[in-house]
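# My questions are about this predicted structure, shown below with the sequence.
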Amino acid sequence: MERLSSYSEQLRALVLLYLPRVAMALLVLVVGFWIIRLVSQVASRAMAGLEVSLRGFLTSMVSVVLKVLLVISVAGMIGLQTTSFVAVLGAAGLAVGLALQGTLANFAGGVLILMFKPFAPGDVIESQGKTGVVKAIHIFDTILSTPQGDTIILPNGALSNNILVNKTTENKVLVEVLVDVDGQTNLDELRALVLPLLTGQAKVLAEPAPSVGMVALVPGGMTVACRAYTLPGDNDAVHGALIEQIQRGLLSHGIQGPAKRKKDKKPA
């Protein structure tokens with residue numbers, strides 16, 4: 001009986017010692033979660049100018065970090081030793097960071113892209129040797145589509161740290177057709193023939209105006225560049241149509257390619 005009475009007294013002492021702490025901890029936990037929800041809403045409104053996906057991700061990250069800190073603080077209020085817990089949490093975070101450093105680089109690149117917006121969905125971009133129309137920008141990667149029907153997935157880490165060409169910013173793309181012609185060809189006549197073919201294309205822009213000019217000399221002839229501008233996304237179709245029309249025009253007017261040099265005959 002005396003032993004039971006002793007246990008009862010110890011239990012009562014523990015309850016009297018920890019009950020106020022537990023009650024206060026629960027109150028702090030409830031109020032803390034309510035405050036975190038308000039802070040998350042305020043943070044979401046403050047980031048209203050960002051992309052929806054980035055805003056949602058950053059808001060969730062702020063909420064999770066605050067909740068972890070709140071739980072650690074509540075555990076300390078109850079009397080639990082949180083030093084070891086924080087050390088384990090830090091070590092786990094370091095291990096995860098090292099294991100996912102490539103993914104974290106992509107995440108950082110996605111944040112930079114969504115914040116500074118070097119391109120947007122619908123733009124035609126070129127990077128990492130790939131060209132296509134931006135279909136979607138995710139937090140870890142960017143999706144491109146090509147005229148050939150391919151879907152290209154570019155990691156945002158490499159995309160944000162390498163050379164990027166945005167072909168849509170100026171809202172025009174140069175289409176160039178190179179033609180080798182005989183060296184005796186009259187450039188003015190050639191220009192008068194080709195320029196109407198360029199300006200006659202419905203998808204060729206009037207400004208900057210199309211042009212035709214010599215860019216190089218080749219054995220027995222010269223290389224002429226036929227240049228025109230079109231809207232991004234139309235360059236492949238315009239390029240193919242111009243090659244066909246220029247070829248027909250040259251043949252119909254008897255304009256030949258570079259003349260082949262005749263080898264000198266050796267004396268007998």
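Everything's here; your move.
# Okay, and the beta partners of the most centrally placed residue in the chain?
Centroid check for the chain by CA atoms, centre = their mean gives Thr142 as the closest residue, at 4.5 Å. Taking DSSP bridges as the rule, Thr142 bridges to Ile137, Leu154.
# May I ask you to confirm that it is in contact with Gly132?
No - judged on CB atoms under 8 Å, Thr142 makes no contact with Gly132 at a distance of 9.7 Å. C-beta here means a position set from N, CA and C on the backbone, and glycine is covered the same way.
# quick one: contacts for Pro118?
Shown in contact with Pro118 (CB atoms under 8 Å, 6 or more residues apart in numbering): 164, 166.
# can I assume it sits in a strand?
No - counting by DSSP: H, G, I helix; E, B strand; the rest coil, Pro118 is located in no strand; its state is coil.
# Low-confidence regions, the protein specifically.
1-18, 51, 53-54, 80, 82, 84-85, 96-101, 260-268 (pLDDT under 70).
# Just the helices from it, written as ranges.
2-46, 52-78, 83-99, 101-116, 156-161, 187-199, 235-252 (DSSP state H).
# Indicate which one of those is closest to Thr169.
helix 101-116 (13.6 Å; CB to CB).
# For that closest one, list every residue counted as buried.
Along helix 101-116, these residues count as buried under the neighbour rule (16 or more other CB atoms under 10 Å): 105-107, 109-114.
# now swap in stretch 202-214 and tell me
Quick answer for stretch 202-214 (16+ other CB under 10 Å): 204-205, 210, 212.
# And the furthest pair within those?
Farthest pair in those, by CB to CB: Leu205 and Val212, 15.9 Å.
# Can you say which of the helices of the chain is packed in most?
Greatest average neighbour count among the helices of the chain goes to helix 156-161 (a mean of 19), per mean count of other CB atoms under 10 Å.
# by contact count, what packs against it?
Helix 156-161 is packed against helix 101-116, strand 141-145, with contacts defined by 3 or more CB pairs under 8 Å, 6 or more residues apart in numbering; DSSP states H and E.
# Next one: the nearest residue to Gly213 once chain neighbours are set aside from Leu174, what distance?
Nearest residue to Gly213 in three dimensions, chain neighbours excluded: Ala225, at 6.0 Å (CB to CB, 6 or more residues apart in numbering). Distance, Ala225 to Leu174, using CB to CB, to the nearest Å: 10 Å.
# do the same with Ala92
53 Å.
# Look up phi and psi at Gly233.
Dihedral pair for Gly233: phi 100, psi -20, per degrees, to the nearest 10.
# what sits against it?
Here Gly233 is in contact with 124, 133 (CB under 8 Å, 6+ apart).
# any idea how far it is from Val88?
From Gly233 to Val88 the distance is 53 Å (CB to CB).
# Also Asn186?
Counting by CB to CB, the gap from Asn186 to Val88 is 83 Å.
# Same check on Asp182?
To Val88, Asp182 is 80 Å away according to CB to CB.
# do the same with Pro258
Distance, Pro258 to Val88, by CB to CB: 76 Å.
# now do Pro219
On the measure of CB to CB, Pro219 and Val88 end up 75 Å apart.
# likewise Ala25?
Ala25 is 21 Å from Val88, by CB to CB.
# just Asp150 next, same as before
Asp150 is 46 Å from Val88, by CB to CB.
# Which among the helices of the chain is found nearest to Glu170?
helix 235-252 (12.8 Å).
# circling back: just put the helices of the chain in CSV and tack on distance to Ile137.
Listed next are the helices of the chain as CSV, based on distance: least, CB to CB, whole Å:
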stretch, distance to Ile137
helix 2-46, 19
helix 52-78, 8
helix 83-99, 24
helix 101-116, 6
helix 156-161, 8
helix 187-199, 35
helix 235-252, 23
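# Can you check which of those gets nearest to Val124?
Nearest of those (CB to CB): helix 235-252, 8.5 Å.
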